[in-house]
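Undergrad: Build me a model from this:
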Amino acid sequence: MDIFSDTVCTLGEGPLWHPERKQLFWFDIVGKKLLSRTAAGEQIWSFDDHVSAAGWIDRTRLLIASERALFTFDVDTGAQDHVVALEADNTVTRSNDGRADPQGGFWIGTMGKEKERKAGAIYRYYRGELRKLVDQVTVSNAICFSPDGRHAYYADTVTQLIMRTALDGDGWPAGEAEVFVDLRADGVFPDGAVVDATGHLWSAQWGASRVACYTPDGDFMRAFDVPAVQASCPSFGGDDLRTLYVTSAAVNRDGAAEPQAGMTFTMPMDVTGQAEHRVIL
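TA: Down below sits the predicted model:
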């Protein structure tokens, strides 16, 4: 993998390829920053609260998840508009992993700022409604969707399980979630994930320096090394959606021993990703 951005993020997360702008956005959750890089250089926006994940609404506006709310953010003007509160009265938690679904909804997970056990949850925002889907989550992660919109995936990282749940026509869970990938025997922990155009799931694995690929049946297929131990989230982008971007984290790492920790990486792929879905407010 090559370095896409050498800016060190304490907790890099939430890479999002904007399909209209042809531009990658990502976050430093601990640093309370949104970052982007184009041919013109790198841009950084700072916020008062932790920010962690986003979906795109139109050419200029993102729906951003912070520790207290979902809000729209215009990347050209900096304008912000509150959309809905997110555990606003809970000082223990913040948002973590999130992604837009094929139906235009936005899924967002929360977690304790100090990884408090079962303090978080997973929610879905859809056409004005924020609904809690999964309760008692310690570290919410791996939120992504099958290309046909019939399944959602998510993980509580500490369980070492990636779950799959069926969705109805409006994108709401239908039935009980089932184990999609069990990583306990491998001793690795699932962080962020994304599904490509053929339904294969790509999982960044915290502490394992890798992104691993699983078939639509949940079987291990292959893995790529990441030049940072704490790989945090992958995203497909580029003009043909055949470039993989991977964020990482420098938190609790020795910068002298691991100088690339917290950087954002890129590599060309022989598979095509899904275009990131538009959020419908």
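
Undergrad: residue boundaries of the strands in the stretch 151-281 of the chain?
TA: 151-156, 161-166, 178-182, 189-195, 201-206, 210-214, 220-225, 231-237, 243-248, 264-268 (DSSP state E, counting those that start in this stretch).

Undergrad: Out of those strands, which is closest to residue 143?
TA: strand 151-156 (5.0 Å; CB to CB). C-betas here are computed from N, CA, C, even on glycine.

Undergrad: what about that closest one, distance to the chain center?
TA: Centre-to-centre, strand 151-156 and its host chain are 11 Å apart (CA atoms, centre = their mean, to the nearest Å).

Undergrad: From what I see, residue 233 and residue 14 are in contact.
TA: Yes. Using CB atoms under 8 Å, residue 233 is in contact with residue 14, at 6.3 Å.

Undergrad: Let me have the strands of the stretch 151-281 of the chain in a markdown table, adding mean neighbour count as columns.
TA: Listed next are those as a markdown table, based on neighbours: other CB atoms under 10 Å:
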| stretch | mean neighbour count |
| --- | --- |
| strand 151-156 | 26 |
| strand 161-166 | 19 |
| strand 178-182 | 16 |
| strand 189-195 | 27 |
| strand 201-206 | 26 |
| strand 210-214 | 21 |
| strand 220-225 | 13 |
| strand 231-237 | 28 |
| strand 243-248 | 26 |
| strand 264-268 | 19 |
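
Undergrad: So for residue 81, which of those strands sits nearest?
TA: Closest to residue 81 of those is strand 231-237 (CB to CB; 25.0 Å).

Undergrad: partners of the closest one, with directions?
TA: Using DSSP bridges, strand 231-237 pairs in its sheet with strand 243-248 (antiparallel).

Undergrad: Rebuild the strands of the stretch 151-281 of the chain as CSV, extending it with distance to residue 25 and mean pLDDT.
TA: Listed next are the strands of the stretch 151-281 of the chain as CSV, based on distance: least, CB to CB, whole Å; pLDDT from 0 to 100:
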stretch, distance to residue 25, mean pLDDT
strand 151-156, 21, 98
strand 161-166, 24, 98
strand 178-182, 27, 98
strand 189-195, 14, 98
strand 201-206, 17, 98
strand 210-214, 19, 98
strand 220-225, 22, 98
strand 231-237, 9, 98
strand 243-248, 10, 98
strand 264-268, 11, 98
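
Undergrad: Which one of those strands lies nearest to residue 76?
TA: Across the strands of the stretch 151-281 of the chain, closest to residue 76 is strand 231-237 (CB to CB), at 19.7 Å.

Undergrad: quick one, the closest one and strand 264-268 angle?
TA: Comparing the axes of strand 231-237 and strand 264-268 via axes from the mean of the first three to the mean of the last three CA atoms, to 10 degrees yields an angle of 50 degrees.
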